[in-house]
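1. structure of the sequence below:
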Amino acid sequence: MSTTTSPDSTSGIGCRCVAVRSRGYDRAVRFPVVLFDLDGTVIDSGSIILASMRHAAKTVLGREVPDAQLVAAVGGPGLVEQMRLLAEDRVDELVACYREHNEPLHSELAECAGMTDALTILKGEGRRLGIVTAKRRATVDIAFRYLPLKAFFEIVVGADDTERQKPDPEPLLYALESMGAPADSAAYVGDSPFDVRSAKAAGVHAIAVTWGGIHHRELLEAEEPDAIVSDTEGLLAAL
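-> Numbers count the residues shown, from 1 in each chain. Presented below is the predicted three-dimensional model:
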């Protein structure tokens, strides 16, 4: 599968278009099911994640950790594993400190630019939308308390729902099974290398977005996603 870097490119090798005729809409679309990562993809949470990681490292470990090290595992196997990389013997303290600092910051959350409009268009086309995230369901609920986006999504899969986390494909496969949807009908949209790996392992179309502010584009390109987009206009074109 070739990588698409142009926001207005919709071509792909082996693309299979599927006719969607629900909700009064009738046009062939590439992917009737679109699953999204949450942090850095739907919600603009990169800054509060980094702030809380810094706070936890400084408070618990008494030292400043380079930002690149702090965010290296963000978007992957979950908060516990992220903290394990900082200090194997202080994981519980780091996680508790992070959450105490992070949860109140959700009141400052904003959606990623253009997301409501993009979700509205996709929903209007009859697409079935879902969230697959490494966040706990309780933390997802906090985010949606401040940002009224939950109604767009048919399903939310959080860290509590599967034994394994991204880059393992289990969370995506769980979402697809719950929706009764085959993998080749779906795309997964995310901002991290872990999202791309998980999508490819699950057999779904992998779309990487560059607006998350956590992982550099070069890291995304190295995973060879099916498309890389820089804004929601490009995302809609790739879908």
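2. helices along the chain, start to end?
-> Under the criterion DSSP state H, helices of the chain are mapped to 46-56, 67-71, 79-86, 91-105, 115-124, 137-146, 170-179, 193-202, 217-222, 232-238.
3. and the angle for the longest one with helix 46-56?
-> So the one you mean is helix 91-105. 140 degrees (axes from the mean of the first three to the mean of the last three Cα atoms, to 10 degrees).
4. quick one, helix 91-105 and helix 137-146 angle?
-> Using the same axes, to 10 degrees: helix 91-105 against helix 137-146 is 10 degrees.
5. so who does the residue nearest to Asn102 when sequence neighbours are not counted touch?
-> Using Cβ to Cβ, 6 or more residues apart in numbering and skipping residues adjacent in sequence, the residue nearest Asn102 is Ser52, 3.8 Å away. Glycine gets a C-beta too; all of them are placed from N, C-alpha and C. Taking Cβ atoms under 8 Å, 6 or more residues apart in numbering, we find Ser52 in contact with 98-99, 101-102, 105.
6. what of Pro171?
-> 132, 157, 161-162, 164-165, 198.
7. sorry, back to before: can you pick the most crowded of the contacts of Ser52?
-> Ranked by the number of neighbours (other Cβ atoms under 10 Å), the contacts of Ser52 place Tyr98 first, at 22 neighbours.
8. on the pLDDT front, check the closest residue to it other than its chain neighbours for me.
-> Ranked by Cβ to Cβ, 6+ apart and with sequence neighbours excluded, the top spatial neighbour of Tyr98 is Ala56, at 4.2 Å. Ala56 is assigned 97 on the pLDDT scale.
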